[in-house]
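Colleague: sequence first, predicted coordinates after that:
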Amino acid sequence: MANRLRRDDTPYSFRWLGSGRIPHLFDLRHCGWALDETGAASSECIGVAHAGRLDSADWQQVLTFPDEVRRFTLVLGATTAHERARLFQAGFGEAVTDTIELGEFEARASRLAELTRWLPRHRQLGPLELDLLAREAFGNGKALNLNPREFALIWRLADSPGEPVSKQELIHDVWRMGFVPETNSIAVHMSRLRRKLGFVGMSGIITTAAAGGYCLVPPTERRSASGTAFSSRGISAASVHITA
């Protein structure tokens, strides 16, 4: 069978992330996809995994996937609406039952593969650069060495620079939880993120909102201690550079 092609004429590819062999009924090679066995899922190659029962070892294994892999992964075996909702809330790109027919399965896999191609891969706010694929931020050309949660926080704040993001929104979008827990986890991660930004000369770029929550202040709206503009390369909230 001829390769199943993307819109840019390159073949779709997938990686099997489940335990054991690929189930025959869900082997996308039958639909012209290429199997890539070199690593984790990414925007160039979606992952397919089988979750099994909610209390199974396979389910627990799926939930250990890092955030940067989940968004590119299609999970099989979510037999109930509750299970599928849980996987979506955890950040997985797609979740389906294992009774789905191959034609619909392939269509959903193709949709996920196309969506990953349209994700913004870089954001540039003056001297601050965010790289989605590397899950890293750079300030004045220096890497911040962020952990996944710190990167997710600054990426979420960069969705709406200059506007406050509430703690509830951060808990929902970054922690994938529907309520604010009785912990100071946000404050701890934000403190570490601010400290790392300070190491690259970008102290104060994240402010605490009056009503709670945090705000990423575009560089042109900030001033240094001497009163001069932060950077001639700074940009406004309305002109954040996003590249695919």
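Modeller: Good, I have the coordinates. Predicted model only: the values in this text are computed from it and were never measured. Numbers count the residues shown, from 1 in each chain.

Colleague: so residue 199 touches residue 143, yeah?
Modeller: No - contact criterion C-beta atoms under 8 Å: residue 199 and residue 143 do not qualify, at 10.2 Å. From N, CA and C alone the C-beta is placed, and that goes for glycine too.

Colleague: quick check, residue 110 in a helix?
Modeller: Yes - using DSSP: H, G, I helix; E, B strand; the rest coil, the secondary structure at residue 110 is a helix.

Colleague: how about it: what's its closest non-neighbour residue?
Modeller: Leaving aside its chain neighbours, residue 110 sits nearest to residue 12 (6.5 Å; criterion: C-beta to C-beta, 6 or more residues apart in numbering).

Colleague: how does this protein divide up, domain by domain?
Modeller: Listed by automatic domain parsing, the domain ranges of the chain are 13-117, 122-243.

Colleague: out of these, which gets the lowest mean score?
Modeller: Mean pLDDT per stretch puts domain 122-243 lowest among the domains of the chain, at a mean of 78.

Colleague: could I get the buried residue list for stretch 209-217?
Modeller: Neighbour counts over stretch 209-217 (16 or more other C-beta atoms under 10 Å) mark 213, 214, 215, 216, 217 as buried.

Colleague: so which of the residues you listed would you say is closest to residue 115?
Modeller: The closest of the buried residues of stretch 209-217 to residue 115 turns out to be residue 216 (C-beta to C-beta; 25.0 Å).

Colleague: so that closest one makes contact with residue 158?
Modeller: Yes - counting by C-beta under 8 Å, residue 216 does reach residue 158; the two are 5.7 Å apart.

Colleague: could you give me the buried positions within the helix or strand containing residue 198?
Modeller: Taking DSSP states H and E as the criterion, residue 198 maps to helix 185-199. Buried residues in helix 185-199, defined by neighbour count with 16+ other C-beta under 10 Å: 186, 189, 190, 193, 194, 196, 197.

Colleague: closest to residue 89 among those?
Modeller: With C-beta to C-beta as the yardstick, the closest approach to residue 89 among the buried residues of helix 185-199 comes from residue 186, at 17.7 Å.

Colleague: grab the most central residue of this structure for me.
Modeller: By C-alpha atoms, centre = their mean, the chain has its centre lying nearest to residue 68, at 5.1 Å.

Colleague: with adjacent residues omitted, what lies nearest to that residue?
Modeller: Leaving out its chain neighbours, the residue that sits closest to residue 68 by C-beta to C-beta, 6+ apart is residue 135, at 5.1 Å.

Colleague: could you do residue 98 as well?
Modeller: Nearest residue to residue 98, sequence neighbours excluded (C-beta to C-beta, 6+ apart): residue 77, at 4.8 Å.

Colleague: fine by me, we can end here.
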